[in-house]
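Trainee: Output the structure for:
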Amino acid sequence: MVTSVASRVESLASSGIQSIPKEYIRPQEELTSIGNVFEEEKKEEGPQIPTIDLKEIDSEDNEVRERCRQELKKASMEWGVMHLVNHGISDELMDRVKKAGQKFFELTVEEKEKYANDQASGKIQGYGSKLANNASGQLEWEDYFFHLVYPEEKRDLSIWPKTPSDYTEVTSEYARQLRGLASKILSALSLCLGLEEGRLEKEVGGLEELLLQMKINYYPKCPQPELALGVEAHTDVSALTFILHNMVPGLQLFYEGKWITAKCVPNSIIMHIGDTIEILSNGKFKSILHRGLVNKEKVRISWAVFCEPPKEKIILKPLPETVSETEPPLFPPRTFAQHIQHKLFRKTQDGLSK
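Mentor: Predicted structure coming up:
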């Protein structure tokens, strides 16, 4: 079952419509908080997402290394999202990844359809758009390409884009380097919790089982951006999420009761703490609510890599070291699959109660 071309947001956006279909219009209570993303990004007042310089994370100097870890810890506890700079992945590689993804999305919709996923039959990898599967029938202003990029032996290269020709090479190299960065972050976060350095890595599946899933999000220009969202408010289920983007603003974080727009920081990687680490740390590290705005003038593209534990093999629950009489466990034991189901169930209940 291949989705018809008309159902792609890109086709809708390029059809010349002046107003968007009702399925894309957000509920009234959300509309009041959706502003012009370019104006929002310029705001200097109020809280700003922290920038964490990782240059000294492996420093020989104990004190320097500890200072870097403390900054990472503070950002993870207060925000759960940050711009990482000096992260060790070259600007050139990040540019090549972005060029490759952009070139794929520059293909005609018909050409991209050859890679279409089929959610109904469980084939989730490939080119897609959100189906109205939530209770409110609400749609998001984006198309995407989704695929598992690491471990290498678990990839299905048959569904990876053949155009551009270097897509597989650059995306694979980026995934390898990102996997190394994930280990580095997990080690530092383990130490921040007073655990052994390798503990969080082990708890989320280690080198064999932690999956890196890449989702390239393509947000076409929208004729009525004040009525729509590229992606609705959610927290990531992952352990960590790493994001590149094409320097067009859109990401917003819900911090202290307000939506804060992320600035575009050159050569940075945005990192989110996901639900998995929030659960293991018993809420000490935050998985922050976030969403994506769209705009009239520029296409926005982001490359999100979700680092996810295996679905069934691990029971996610607060680690014993993070629990005490004064800090009882905040989360019941669940597998990763059960956690996802629980979130979907809650969302459905919320949708039905509106």
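
Trainee: Please count neighbours and contacts with C-alpha atoms only from this point.
Mentor: Will do.

Trainee: can you give me the end-to-end distance of stretch 45-57?
Mentor: By C-alpha to C-alpha, to the nearest Å, the extent of stretch 45-57 from end to end equals 30 Å.

Trainee: contacts for it?
Mentor: Applying C-alpha atoms under 8 Å, 6 or more residues apart in numbering, the contact partners of stretch 45-57 are 64-66, 68-69, 71-72, 75, 79, 81-88, 188, 260, 262-263.

Trainee: so of these, which ones are in strands?
Mentor: Members of the contacts of stretch 45-57 lying in strands (criterion: DSSP state E): 81-85, 260.

Trainee: Of the contacts of stretch 45-57, keep whichever come out buried.
Mentor: With burial judged by 16 or more other C-alpha atoms under 10 Å, the buried subset of the contacts of stretch 45-57 is 65-66, 68-69, 71-72, 75, 79, 81-85, 87, 188, 260, 262-263.

Trainee: Compute the first-to-last residue distance for stretch 125-138.
Mentor: Between the opening and closing residues of stretch 125-138 lies a distance of 22 Å (C-alpha to C-alpha).

Trainee: Wait, residue 286 touches residue 276, no?
Mentor: No: in this structure, residue 286 is not within contact of residue 276 by C-alpha atoms under 8 Å, at 10.0 Å.

Trainee: more neighbours, the two?
Mentor: residue 276 (26 against 23; other C-alpha atoms under 10 Å).

Trainee: That one: which element?
Mentor: Using DSSP states H and E, the element containing residue 276 is helix 275-280.

Trainee: part of a helix, is residue 144?
Mentor: No: under the criterion used here (DSSP: H, G, I helix; E, B strand; the rest coil), residue 144 is strand, not part of a helix.

Trainee: wait, what's in contact with it?
Mentor: For residue 144, counting by C-alpha under 8 Å, 6+ apart, the contacting residues are 127-129, 215-218.

Trainee: Including pLDDT, secondary structure and neighbour count, could the residues you listed go into CSV?
Mentor: Below are these laid out as CSV (pLDDT from 0 to 100; DSSP: H, G, I helix; E, B strand; the rest coil; neighbours: other C-alpha atoms under 10 Å):
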residue, pLDDT, secondary structure, neighbour count
127, 97, strand, 25
128, 95, strand, 25
129, 94, strand, 22
215, 98, strand, 21
216, 98, strand, 23
217, 98, strand, 24
218, 98, strand, 23
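
Trainee: how near is residue 33 to residue 123?
Mentor: For residue 33, the distance to residue 123 equals 35 Å [C-alpha to C-alpha].

Trainee: List the buried residues of the worst-scoring helix or strand of the chain on mean pLDDT.
Mentor: Using mean pLDDT, DSSP states H and E, helix 336-353 stands out as the lowest-scoring helix or strand of the chain, at a mean of 81. Neighbour counts over helix 336-353 (16+ other C-alpha under 10 Å) mark 336-337, 339-340 as buried.

Trainee: likewise stretch 117-134?
Mentor: Buried residues in stretch 117-134, counted by 16+ other C-alpha under 10 Å: 117-118, 125-130, 134.

Trainee: from memory residue 309 sits against residue 207, does it?
Mentor: No: Residue 309 lies out of contact with residue 207 (C-alpha under 8 Å); the separation is 10.4 Å.

Trainee: and the two? which has more neighbours close in?
Mentor: Between residue 309 and residue 207, counted using other C-alpha under 10 Å, the more crowded position is residue 309 (27 against 14).

Trainee: measure the nearest residue to residue 162 once chain neighbours are set aside to residue 65 for me?
Mentor: Nearest non-adjacent residue to residue 162, counting by C-alpha to C-alpha, 6 or more residues apart in numbering: residue 168, 7.8 Å away. From residue 168 over to residue 65 the distance is 35 Å, taken as C-alpha to C-alpha.

Trainee: do the same with residue 152
Mentor: For residue 152, the distance to residue 65 (C-alpha to C-alpha) stands at 32 Å.

Trainee: Next: residue 30.
Mentor: Separation of residue 30 from residue 65 (C-alpha to C-alpha) stands at 42 Å.

Trainee: At which residues are the strands of the protein located?
Mentor: With DSSP E as the criterion, the chain has strands spanning 51-53, 81-85, 126-129, 143-150, 211-219, 231-234, 240-245, 251-255, 258-261, 269-273, 290-292, 300-308, 315-316, 334-335.

Trainee: Including distance to residue 178, could these go into CSV?
Mentor: Putting these into CSV (distance: least, C-alpha to C-alpha, whole Å) gives the following:
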stretch, distance to residue 178
strand 51-53, 16
strand 81-85, 12
strand 126-129, 21
strand 143-150, 10
strand 211-219, 9
strand 231-234, 23
strand 240-245, 8
strand 251-255, 21
strand 258-261, 25
strand 269-273, 10
strand 290-292, 22
strand 300-308, 9
strand 315-316, 23
strand 334-335, 25
